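Got a sequence here, can you model it:
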Amino acid sequence: MTEKELVEKGIPYVIVCSDGKQEVYPLEPHSKTTIITHQGKVDRIESNVSMKFKGR
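Now for the predicted structure:
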């Protein structure tokens, strides 16, 4: 999905620039997103989805 499409749909996203390249990553709801780097370059992007529970 392109940045323009994400903006039009109201989906949150991050733009990551590394090694002269730009990537757009949509953020998943209720998740923790971690950007892992190695020697100053982006190695991978991890998204850990968590559940939200309502209290009793």
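
what's the distance between residue 39 and residue 18?
11 Å (C-beta to C-beta, to the nearest Å). Where you see a C-beta, it was placed from the backbone N, CA and C, and this is true even at glycine.

More neighbours: the two, which one.
residue 18 (13 against 5; other C-beta atoms under 10 Å).

and that one, what are its phi and psi?
Torsion angles at residue 18 (phi, psi; degrees, to the nearest 10) stand at phi -160, psi 140.

so who does the closest residue to it other than its chain neighbours touch?
Of all residues not flanking residue 18 in the chain, residue 42 sits nearest, at 3.9 Å (C-beta to C-beta, 6 or more residues apart in numbering). Under the criterion of C-beta atoms under 8 Å, 6 or more residues apart in numbering, the contact list for residue 42 reads 16, 18-19, 23, 35-36.

just curious, which of those is nearest to residue 47?
Set against residue 47, the nearest of the contacts of residue 42 by C-beta to C-beta is residue 35 (10.3 Å).

helix/strand/coil for that closest one?
Secondary structure, DSSP: H, G, I helix; E, B strand; the rest coil: residue 35 is strand.

was I right about it contacting residue 16?
Yes: if you go by C-beta atoms under 8 Å, residue 35 and residue 16 touch, sitting 6.4 Å apart.

So for these two, which residues contact both of them?
42, 45.

how about the helices in this structure?
3-9 (DSSP state H).

could you point out where it is predicted with low confidence?
The model of the chain has pLDDT under 70 over residues 51-56.

For it, which segments count as strands?
13-18, 21-26, 31-38, 41-49 (DSSP state E).

burial measure for residue 32, as a count.
Using other C-beta under 10 Å, residue 32 is surrounded by 11 other residues.

Residue 14 now?
Neighbours of residue 14 (other C-beta under 10 Å): 12.

Bridging across strands, which residues link to it?
Note on residue 14: beta-bridge partners by DSSP bridges are residue 25.

That one: what's it in contact with?
Contacts for residue 14 (C-beta under 8 Å, 6+ apart) come out as 24-25, 27, 33, 35.
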